[in-house]
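# sequence unknown, structure follows:
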């Protein structure tokens with residue numbers, strides 16, 4: 001003990017004692033706002049981090065980019081084995097116990113029984129956004145909304161049951177019948193809740209989102225007529241909702257401040273009225289001609305072409321403006337644009353071909369920095385690289401269609417084959433690095449879906465053979481590999497079994513909702 005000079009205080013005197021270190025908290029600079037506010041570490045899982053899900057909070061983690069590390073190299077270890085992590089995060093650890101009663105948590109107050117939780121988990125699995133194809137923000141937000149909205153939750157459970165009843169080739173008739181009844185029960189509950197609710201702005205927003213989910217449910221069942229009815233109703237409800245919001249603010253729709261959910265809904269409605277709906281994918285060598293066209297009643301868009309930026313900040317930003325360009329090309333007769341139109345800078349003394357080419361080329365010039373960056377960082381981030389290649393493929397397809405429409409006698413067309421090969425080779429690399437510890441979601445959602453996109457767009461025999469060889473190397477636990485192989489090898493003219501037909505339709509709807517289509521019509 002040593003006495004401090006000038007005081008009566010004794011201090012422990014230890015020579016060469018280590019300097020005390022200040023205890024530091026977790027780094028909260030990255031992650032969602034809720035975790036930053038609570039000063040806790042965010043696992044940055046998509047579509048919602050586990051911390052927010054466990055606490056019952058709304059997670060606003062960004063959907064703009066996937067992590068920049070190569071997730072195909074090393075699986076994450078020592079991750080939480082709770083049931084919450086199994087469906088609300090992109091954890092790379094295989095979950096061995098999905099029971100909701102393994103330990104008390106907020107899930108018990110939301111789902112009535114184990115079956116509801118299982119069916120909701122099926123929906124979460126199918127709507128997971130991995131980043132290898134353009135991200136559907138509305139689909140990524142839906143599981144979060146469902147935790148606090150009974151209507152949305154009932155529809156999600158109904159979709160999960162419908163997927164098992166109408167799109168699982170391995171299930172038996174008895175199981176299909178039980179799941180079909182379960183799906184109808186939850187479907188009717190959602191409808192009853194909607195019809196009994198009072199009309200408010202919040203109710204209109206919920207009904208509009210629910211209508212899009214009803215379309216997904218109808219697509220799984222093969223009821224396309226009901227799907228069109230639901231979508232038309234949802235579109236009118238969405239228009240009414242945004243009209244009311246504009247009146248309240250006293251602004252036009254292009255100046256209306258929107259939340260993430262409102263913006264995702266608005267862009268989804270515009271997208272589904274811009275692109276033809278792909279109801280057949282043409283997995284044989286035949287061309288897919290069965291498409292439904294939903295024409296937009298409004299000739300305007302929230303964004304104007306004259307505001308198209310010189311560069312895009314990320315892939316979702318590029319996809320938003322791609323929708324704007326396609327909306328203009330698809331819903332405007334360029335031969336009838338008058339000089340007084342705000343698009344006049346594209347139409348003065350220019351032919352329809354020159355107008356179309358200038359518009360689409362302006363978008364591509366803004367997109368090129370993202371494409372170059374993705375190619376430079378290919379080895380570090382295959383996920384972003386594949387999504388960027390898909391946008392490039394959509395551009396080349398639209399450019400080819402414009403050539404066929406306005407210059408059918410031309411001998412020079414864009415080379416689409418090379419970009420499709422890039423996607424297939426990146427998928428092969430991801431499949432080789434995949435392990436069972438990473439889960440089936442990483443295989444089916446991240447690897448198989450880009451291959452489905454290529455099969456939908458490309459008819460080159462050599463590329464399709466490469467895809468078939470790659471699918472044959474998929475793990476037997478894959479939910480998509482075997483149905484895709486069966487559809488690819490069916491005899492020409494032979495009808496698909498009903499369940500495989502439902503699978504094809506559901507995949508086509510998924511690609512359409514993600515924006516993986518071209519608004520420029522076939523000649």
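Sure thing, it's come through. Here the structure is a predicted model, which is why all the values come from computation and not from measurement.
# phi, psi of residue 380?
phi -90, psi -30 (degrees, to the nearest 10).
# ok, it to residue 260 distance?
Counting by C-beta to C-beta, to the nearest Å, the gap from residue 380 to residue 260 is 28 Å. In short, each C-beta sits where N, CA and C put it, glycine included.
# of those two, who's got more company?
Neighbour count, other C-beta atoms under 10 Å: between residue 380 and residue 260, residue 260 has more, with 15 against 12.
# how about the more buried one, what does it touch?
By C-beta atoms under 8 Å, 6 or more residues apart in numbering, residue 260 lies in contact with 60, 137, 141.
# distance check, it against residue 450.
Plainly put, residue 260 is 25 Å away from residue 450 if you go by C-beta to C-beta.
# please enumerate the strands of the chain.
Ranges of strands within the chain are 2-3, 10-11, 277-278, 291-292, based on DSSP state E.
# counting by contacts, list what the third one packs against.
Counting contacts by 3 or more C-beta pairs under 8 Å, 6 or more residues apart in numbering; DSSP states H and E, strand 277-278 is packed against strand 291-292, helix 498-513.
# list the buried residues in the last one.
To tie it back to what came earlier, the one meant is helix 498-513. Buried residues in helix 498-513, defined by neighbour count with 16 or more other C-beta atoms under 10 Å: 499-513.
# would you map out the domains in this protein?
Split into domains by automatic domain parsing, the chain comes to 25-66+78-107, 110-274, 315-523.
# distance from the chain centre to the second one, please.
Its chain's C-alpha centre and that of domain 110-274 lie 13 Å apart, by C-alpha atoms, centre = their mean, to the nearest Å.
# quick check: end-to-end length of it?
For domain 110-274, the separation between the terminal residues is 37 Å (C-alpha to C-alpha, to the nearest Å).
# for stretch 479-491, which positions count as buried?
Here stretch 479-491 shows 479, 480, 481, 483, 484, 485, 487, 488 as buried, counting by 16+ other C-beta under 10 Å.
# ignore the last one, stretch 403-421
Neighbour-count burial for stretch 403-421, counted by 16+ other C-beta under 10 Å, picks out 403, 405, 406, 416, 419, 420, 421.
# quick check: residue 459 vs residue 399, distance?
17 Å.
# quick check: phi and psi on the residue lying closest to residue 498 once chain neighbours are set aside?
Spatial nearest neighbour of residue 498, excluding adjacent residues (C-beta to C-beta, 6 or more residues apart in numbering): residue 222 at 7.2 Å. Note on residue 222: its backbone torsions stand at phi 80, psi 20 [degrees, to the nearest 10].
# what's the burial count for residue 222?
Neighbourhood size, residue 222 [other C-beta under 10 Å]: 17.
# likewise for residue 325?
Using other C-beta under 10 Å, residue 325 has 24 other residues around it.
# that one and residue 510, how far apart?
22 Å.
# hang on, residue 268 packs against residue 142?
No - applying C-beta atoms under 8 Å, one finds residue 268 not in contact with residue 142, separated by 10.9 Å.
# so the two - more neighbours on which side?
A side-by-side neighbour count of residue 268 and residue 142, using other C-beta under 10 Å, places residue 142 first with 26 against 22.
# count the residues that sit near residue 228.
A count of nearby residues for residue 228, using other C-beta under 10 Å, gives 15.
# who's in contact with the residue sitting nearest the centre point of the chain?
For the chain, the residue nearest the mean C-alpha position is residue 136 (2.7 Å; C-alpha atoms, centre = their mean). Shown in contact with residue 136 (C-beta under 8 Å, 6+ apart): 127, 129, 268, 513, 514, 515.
# what pLDDT does the second one get?
Right, residue 129. Predicted confidence (pLDDT) for residue 129: 86.
# could you measure from it over to residue 447?
From residue 129 over to residue 447 (counting by C-beta to C-beta), the distance is 14 Å.
# so the two - more neighbours on which side?
Legend: neighbour count by other C-beta under 10 Å for residue 129 and residue 447, higher for residue 447 (28 against 21).
# how close does that one sit to residue 214?
For residue 447, the distance to residue 214 equals 30 Å [C-beta to C-beta].
# give me the nearest residue to residue 165, chain neighbours excluded.
Leaving aside its sequence neighbours, residue 165 sits nearest to residue 179 (C-beta to C-beta, 6+ apart; 3.7 Å).
# next, count neighbours for the one you found.
Neighbourhood size, residue 179 [other C-beta under 10 Å]: 21.
# so, low pLDDT: which residues of the stretch 301-450 of the chain?
In the predicted model of the stretch 301-450 of the chain, residues 301, 332-349 satisfy pLDDT under 70.
# I meant to write the chain there.
Residue ranges of the chain with pLDDT under 70: 1-30, 46-47, 54-56, 61-109, 283-301, 332-349, 519-523.
# wait, residue 508 touches residue 279, no?
Yes - if you go by C-beta under 8 Å, residue 508 and residue 279 touch, sitting 5.5 Å apart.
# who are the contact partners of residue 265?
138, 205, 208, 209, 212, 238.
# do that again at 10 Å, thanks
137-138, 141, 205, 208-209, 211-212, 234, 238, 241-242, 258-259 (C-beta atoms under 10 Å, 6 or more residues apart in numbering).
# could you do residue 34 as well?
Residue 34 makes contacts with 40, 42, 48, 49, 51, 52, 55, 57, 58, 59, 60, 61, as judged by C-beta under 10 Å, 6+ apart.
# please spell out the PyMOL selection for the buried subset of those.
Buried residues among the contacts of residue 34 (16+ other C-beta under 10 Å), as a PyMOL selection:
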select buried, resi 40+42+48+49+51+52+57+58+59+60+61
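# please identify which of the contacts of residue 34 is nearest to residue 120.
Of all the contacts of residue 34, residue 120 sits closest to residue 48, with 13.3 Å by C-beta to C-beta.
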